[in-house]
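*Asks:* I'll drop the sequence and a predicted model, then ask my questions.
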Amino acid sequence: MPEHAARTLAALCPGILLELDDAVRSGVPADQAFARMARSHREWGGRDRRVLSGLAFSRFRWRGWLPPGPERLAEACVCSGLLDGAEASPAVRCLAAQAGITEDRLRPFGPMPLKEKAERLAAWRGESGVPSPDALAPAWVRDALGLAGAAGDGLWQRCLEAFQARPPTWLRAVRGAEEDVAGALLAAGSKPEAHPLVAGALRLPPGSAPDLESGPLRGRVFIQDLASQCAGLACAPHAGERWWDACAGAGGKTLHLLDLMGASGNILATDARGGALEKLRRRLPGFARGKVRMRTWNGPSEPPPGTGFDGVLVDAPCSGLGTWGRNPDARWRASAGDPERMAGLQRDLLASCGSAVRKGGALVYVTCTLTRAENEDVAEWFPRACPEFEIEPAINPVSGRQSSGAFRIWPWEGDCNGLFIARFRRRG
């Protein structure tokens, strides 16, 4: 990067970061706020956007350990980059110069446990106090996860490590195209790694953005986190079945369900957001047209849009703690009341969607959070409230272990988002 370009980005950085802080405080996701900013600054090239967004998200990731206040923004950016283990970019070097940080102090910390990073950071700052890993997440989170005792201590530390790591990019190759997709990715310069247990799941390094919309990859591979792929596998739909994806969003799980049915079934995809369904409409490959119907559904306030489904997938709105590694600003938008508030909506969704399942059919409940109130508590409540349903044993696709039918996928189990899945069967 030319020196003048680096200086320009360094000069832009404080204003952008403060604007993103305001957005996050008002509850707007940082990626949405940054995308709006980028649309209004057409002069920013792809490299500029990558540098600026990287600085912003690195700062949100390590905010609990960074100096507060706008007057120390440059130092905070430098510090968070070193903690992430990234080589100092020319823009960061300009910020370092503004903060009076000499070149010999710009060596990245590299991969190491959080405890060692905290000690290294204290030494780098010349301070005697070592920052606590607990400061990297809001104080209420550990209790919300239901982690008690010595075993809970270990799980909490692993959660914090996962929150601070950038997850890889996960792809899902359609069935039968796995080898062709891997070969095309290799030819394009990527180095995909196949998951040993989840068929079609391919891992790329964090930040990878392969072109999947043209050439031999179009319609044969999709970006989809490994944990999200496990939701479709837990549904285990059969050829020719009729499914309802109740909270479909942009349709990653809808497309996976159709693939698992060999494109011989039918799926109703609903969401309260028409814009999300429009994204799904644009993503549908040719063979899926006529197999997937879409319509808006505003949740339990409306009757279900059909009955007699062989299966219903409820990927419920949630507090999203399982995605904090991928969305580091989300932890600073969350509040202690979110899990209980979301659990009320989740219970209503399950009761409503359950009425649309035929006798003998399946109901699969999924969240991308790790809180007990939204996961185990809801899964235990549902068969009590709706005794026509019973929990059904299921295998955790990431580990291959049998479960009672309700299980968490921890982020470190698959280097992915955290997820909860519970599979129910309506009595015949």
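*Replies:* Happy to help now that I have it. Numbers count the residues shown, from 1 in each chain.
*Asks:* what residue lies at the spatial centre of the chain?
*Replies:* T323 (3.7 Å; CA atoms, centre = their mean).
*Asks:* So which residues make contact with the longest strand seen in the chain?
*Replies:* Ordering each strand of the chain by length in residues (DSSP state E) puts strand 357-367 first. Here strand 357-367 makes contact (CB atoms under 8 Å, 6 or more residues apart in numbering) with 231, 234-236, 307-316, 318, 322, 346, 350, 353-354, 374-375, 378-379, 382, 389, 392, 419-428. Every C-beta, even on glycine, is put in place using the N, C-alpha and C of the backbone.
*Asks:* cool, and stretch 92-100?
*Replies:* 6-7, 9-10, 13, 55, 72, 74-75, 77-78, 81, 88, 102-103, 105-106.
*Asks:* Counting by contacts, list what the strand or helix carrying H4 packs against.
*Replies:* In the assignment (DSSP states H and E), H4 maps to helix 3-25. Identification of packing neighbours for helix 3-25 by 3 or more CB pairs under 8 Å, 6 or more residues apart in numbering; DSSP states H and E yields helix 30-39, helix 46-61, helix 73-84, helix 90-98.
*Asks:* let's see 6 Å
*Replies:* Applying 3 or more CB pairs under 6 Å, 6 or more residues apart in numbering; DSSP states H and E, we find helix 3-25 packed against helix 30-39, helix 46-61, helix 90-98.
*Asks:* Looking at these, spot the one closest to G414.
*Replies:* Smallest distance to G414 across these (CB to CB): 20.1 Å, for helix 46-61.
*Asks:* quick revisit: adding mean pLDDT and mean neighbour count, write the helices and strands packed on helix 3-25 out as TSV.
*Replies:* Below are those laid out as TSV (pLDDT from 0 to 100; neighbours: other CB atoms under 10 Å):
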stretch	mean pLDDT	mean neighbour count
helix 30-39	94	16
helix 46-61	91	20
helix 90-98	89	21
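*Asks:* what's the closest of those to P300?
*Replies:* Comparing the helices and strands packed on helix 3-25 by CB to CB, helix 30-39 comes nearest, at 26.2 Å.
*Asks:* Which residues does the closest one contact?
*Replies:* Contacts to helix 30-39, defined as CB atoms under 6 Å, 6 or more residues apart in numbering, come from residues 20, 23-24, 44, 49, 53, 329.
*Asks:* now the angle from that helix to helix 46-61?
*Replies:* 150 degrees (axes from the mean of the first three to the mean of the last three CA atoms, to 10 degrees).
*Asks:* Distance from the chain centre to helix 30-39, please.
*Replies:* Distance of helix 30-39 from the chain centroid (CA atoms, centre = their mean, to the nearest Å) equals 18 Å.
*Asks:* do the same with stretch 11-21
*Replies:* Worked out by CA atoms, centre = their mean, stretch 11-21 lies 24 Å from the chain centre.
*Asks:* Okay, buried residues for it please.
*Replies:* Judged by neighbour count using 16 or more other CB atoms under 10 Å, the buried positions of stretch 11-21 are 12-14, 16-17, 20-21.
*Asks:* and what of stretch 260-274?
*Replies:* Buried-residue list, stretch 260-274, by 16+ other CB under 10 Å: 260-261, 265-271.
*Asks:* Keep only those of these that are in helices.
*Replies:* L260 (DSSP state H).
*Asks:* if we can go back for a sec, now for the helices and strands packed on helix 3-25, which one comes closest to Q157?
*Replies:* Evaluated with CB to CB, these place helix 46-61 nearest to Q157, the distance being 16.7 Å.
*Asks:* could you check the angle helix 73-84 makes with that closest one?
*Replies:* Counting by the same axes, to 10 degrees, helix 46-61 lies at 90 degrees to helix 73-84.
*Asks:* From the contact counts, what lies against helix 46-61?
*Replies:* helix 3-25, helix 73-84.
*Asks:* The longest one to helix 46-61, inter-axis angle?
*Replies:* Taking the same axes, to 10 degrees, one finds helix 3-25 and helix 46-61 inclined to each other by 40 degrees.
*Asks:* related to what we said a few turns ago, for PyMOL, write the selection for the buried entries among the contacts of stretch 92-100.
*Replies:* A single PyMOL command selects the buried members of the contacts of stretch 92-100 (16+ other CB under 10 Å):
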select buried, resi 6+9+10+13+55+74+75+77+78+81+88
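*Asks:* Show me what the mean pLDDT comes to for the one helix or strand F407 maps to.
*Replies:* Assessed by DSSP H and E, F407 sits inside strand 406-409. Strand 406-409 carries an average pLDDT of 97.
*Asks:* Pull out the buried positions in the next helix or strand after it.
*Replies:* Counting by DSSP H and E, the next helix or strand C-terminal to strand 406-409 is helix 411-414. Under the neighbour-count criterion of 16+ other CB under 10 Å, helix 411-414 has 411, 413-414 buried.
*Asks:* Okay then, goodbye and thanks.
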